[in-house]
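Colleague: Need coordinates for the below:
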Amino acid sequence: MKQTSSFTEDKIFLPLIRFALPVLAALFLQTMYGAVDLLVVGQFGTSADVSAVSTGSQVMMTITTVITGLAMGLTIFVGKKIGEGEREEAGAIIGSGIWLFAVFALLLTIVMVLAASNLAELMHAPEEAFEQTVSYIGVCSAGAIFIVAYNLVGSIFRGIGNSTIPLMTVAIACVLNIVGDLLLVGVFQMGTTGAAIATVFAQAASVVLSLLIIRKLELPFQLSRKDIRPNGNNIKQILTLGIPIALQDLLVSISFLFIIAIVNSLGLIASAGVGVAEKLCGFVMLVPSAYMQAMSAFVAQNIGAGKPERARKALFCGIASSFAVGVLMFLAVFFHGDLLAGLFAKEEAVILAAAEYLKSYAIDCMLTSFLFCFIGYFNGCGSTLFVMLQGIVGAFGVRLPLSYFLSQILPISLFRIGLATPASTTVQIILCLVWFVVLLKKHKQQFAH
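Modeller: Modelled structure (predicted):
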């Protein structure tokens, strides 16, 4: 059974779509994985439970984005070697990556468990939901090692052109999480703590089952225990590519956490409403997010093979097809946000607050079709430093100060606060267009015959 794909030959659009679809499905399940906690708690718990899970899961999502960003360094590095035809080096690179992420997972677990209370306080968790928020963050943090493990598995296989294994990994986790939530929250009425325990158990079981399945596959690289060691050159390259992406993702997530903290200060209903809206936003942004990951692997292989023109064509194909879906998402979210919010909340006030905030995000559905494809393209080209810089400009130069300014205008409007997000996306797209022109000139010189 073939466990790798080459993106350097033949057609562009169909292979890109075939690779992106399992990525999309995996992202959907991963988003569902987090959303199930909120969905079940919203039906069986109180507004305090909803607020706690929405705030706590947002903190954990921030940690996950950092892990994914670092792992993207491994995806790009392995993908480039595949494009260059140097597959023998893959085992050593992956082994160094496993060692690196094992150390990172251990440190992350210790820090997050100890900082749970401080993080809840930093997020301005409402007083009624404070203890539940601390519980959710603390329990989930104890399973940080499993978050790292299944993100690492996904990054390795996307790098070799296989997006099916990451889909399988998160599918296992999602199913187990749903069963756990229904049992612990619905049957045993354990509320926020039950949702967190179900999450950790699902992550752990998913990793174990996935590793057992992977052992039976025929892989395009050889990996032995002696490869799992700290190779300085490999680790340096992984970090050089991954740290800018991780830092950009972290700072962007922090900017959103600050926005949530601003909203939390407005009261329990606003906090729960925006928490529901953020969960829904995770779903509506799935297509551009899938293209971003798929684009990174596709472009990395073609740049490694010396085919920058093919990489650019993939970018344009991605933007066009992603934008078509973005328009449909805009219509659904802008005009039917209340129906969507009703899936995660039962209180009318919370649903209305979520729907108001979602209207501004609907605009961003179309804009991210451009931005995320550009980011995936630049990551694949190795321009991760630019990706970090444009993300910082958008987050801290536009989104955060603008959302704070808009939150001070009376009467307070969640729609108006949310407009800071499409505003920052617009600025980032402009920066990406400028860098695309710069990179085009660089590639013409680099690959000139």
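Colleague: Helices of the stretch 151-300 of the chain, start to end?
Modeller: 164-181, 191-214, 232-264, 268-284, 286-304 (DSSP state H, counting those that start in this stretch).
Colleague: How about the stretch 1-150 of the chain?
Modeller: So, for the stretch 1-150 of the chain - with DSSP H, counting those that start in this stretch - the helices run 13-44, 47-84, 90-114, 116-122, 130-142, 144-159.
Colleague: Nearest approach to residue 352 belongs to which of those?
Modeller: For the helices of the stretch 1-150 of the chain, distance to residue 352 was read as Cβ to Cβ. The smallest value, 13.5 Å, belongs to helix 47-84. C-beta here means a position set from N, CA and C on the backbone, and glycine is covered the same way.
Colleague: Show me which residues of the closest one are buried.
Modeller: 47-83 (16 or more other Cβ atoms under 10 Å).
Colleague: how close does residue 367 get to residue 380?
Modeller: Distance of residue 367 to residue 380, computed by Cβ to Cβ, to the nearest Å: 21 Å.
Colleague: Those two: which is more packed in?
Modeller: residue 380 (31 against 21; other Cβ atoms under 10 Å).
Colleague: okay, the more buried one: pLDDT?
Modeller: Confidence at residue 380, expressed as pLDDT, is 88.
Colleague: what's the angle from the helix or strand containing it to helix 232-264?
Modeller: Following DSSP states H and E, one finds residue 380 within helix 348-381. Using axes from the mean of the first three to the mean of the last three Cα atoms, to 10 degrees, the inter-axis angle of helix 348-381 relative to helix 232-264 is 160 degrees.
Colleague: Next secondary structure element downstream of helix 348-381?
Modeller: Heading C-terminal from helix 348-381 (DSSP H and E), you reach helix 384-392.
Colleague: Pull out the C-alpha coordinates of that next one and format them as CSV.
Modeller: Output in CSV follows, covering the C-alpha atoms of helix 384-392 (Å, rounded to 0.1, in the frame of the first residue of the first chain):
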residue,chain,number,x,y,z
THR,A,384,8.2,31.4,7.7
LEU,A,385,9.9,34.5,9.1
PHE,A,386,7.6,36.7,6.9
VAL,A,387,4.6,34.6,7.9
MET,A,388,5.4,35.4,11.5
LEU,A,389,5.9,39.1,10.9
GLN,A,390,2.7,39.6,9.0
GLY,A,391,0.8,37.7,11.7
ILE,A,392,2.3,40.0,14.4
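Colleague: quick one: residue 252 and residue 103, what's the gap?
Modeller: 25 Å.
Colleague: Which residue of the two possesses the greater neighbour count?
Modeller: The neighbour comparison of residue 252 against residue 103 (other Cβ under 10 Å) goes to residue 252, with 22 against 10.
Colleague: for stretch 386-396, which positions count as buried?
Modeller: 386-391, 394-396.
Colleague: For the closest residue in space to residue 238 that isn't next to it in sequence, list the residues it contacts.
Modeller: Excluding the flanking residues, the one nearest residue 238 by Cβ to Cβ, 6 or more residues apart in numbering is residue 73, at 4.5 Å. By Cβ atoms under 8 Å, 6 or more residues apart in numbering, the contact set of residue 73 is 237-243, 245-246, 384.
Colleague: Now tabulate the residues you listed in TSV and tack on distance to residue 374 and neighbour count.
Modeller: Output for the contacts of residue 73, formatted as TSV (distance: Cβ to Cβ, whole Å; neighbours: other Cβ atoms under 10 Å):
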residue	distance to residue 374	neighbour count
237	23	18
238	23	27
239	23	15
240	21	15
241	17	25
242	19	27
243	20	18
245	14	28
246	18	22
384	13	26
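Colleague: where's the dip in pLDDT among the residues you listed?
Modeller: Across those, the bottom pLDDT score, 82, is held by residue 245.
Colleague: Make sure that one is actually in contact with residue 382.
Modeller: No: shown here, residue 245 and residue 382 do not form a contact pair, counting by Cβ atoms under 8 Å, at 10.9 Å.
Colleague: Any stretches of the stretch 1-150 of the chain with poor pLDDT?
Modeller: 1-6, 8, 33-34, 82-83, 85, 87-88 (pLDDT under 70).
Colleague: next one: the stretch 151-300 of the chain
Modeller: 217-224.
Colleague: Around residue 352, count how many other residues there are.
Modeller: 17.
Colleague: Spatially nearest residue to it, not counting backbone neighbours?
Modeller: Using Cβ to Cβ, 6+ apart, the closest residue to residue 352 is residue 338 (6.8 Å).
Colleague: before we move on, what about residue 203?
Modeller: Nearest non-adjacent residue to residue 203 (Cβ to Cβ, 6+ apart): residue 146, at 3.6 Å.
Colleague: how deep is that neighbour tucked in, by neighbour count?
Modeller: 22.
Colleague: hang on, it packs against residue 208?
Modeller: No: the pair residue 146 / residue 208 is not scored as a contact, 9.0 Å apart, by Cβ under 8 Å.
Colleague: For residue 117, find the nearest of the helices of the stretch 151-300 of the chain.
Modeller: helix 191-214 (14.4 Å).
Colleague: thinking residue 193 is in contact with residue 138, fair?
Modeller: No: using Cβ under 8 Å, residue 193 is not in contact with residue 138, being 9.2 Å away.
Colleague: Give me the buried positions along stretch 341-360.
Modeller: Per 16+ other Cβ under 10 Å, stretch 341-360 contains these buried residues: 341-345, 350-360.
Colleague: hang on, the earlier thing: need the helices of the stretch 151-300 of the chain in JSON lines with distance to residue 329, can you?
Modeller: Listed next are the helices of the stretch 151-300 of the chain as JSON lines, based on distance: least, Cβ to Cβ, whole Å:
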{"stretch": "helix 164-181", "distance to residue 329": "21"}
{"stretch": "helix 191-214", "distance to residue 329": "27"}
{"stretch": "helix 232-264", "distance to residue 329": "19"}
{"stretch": "helix 268-284", "distance to residue 329": "5"}
{"stretch": "helix 286-304", "distance to residue 329": "7"}
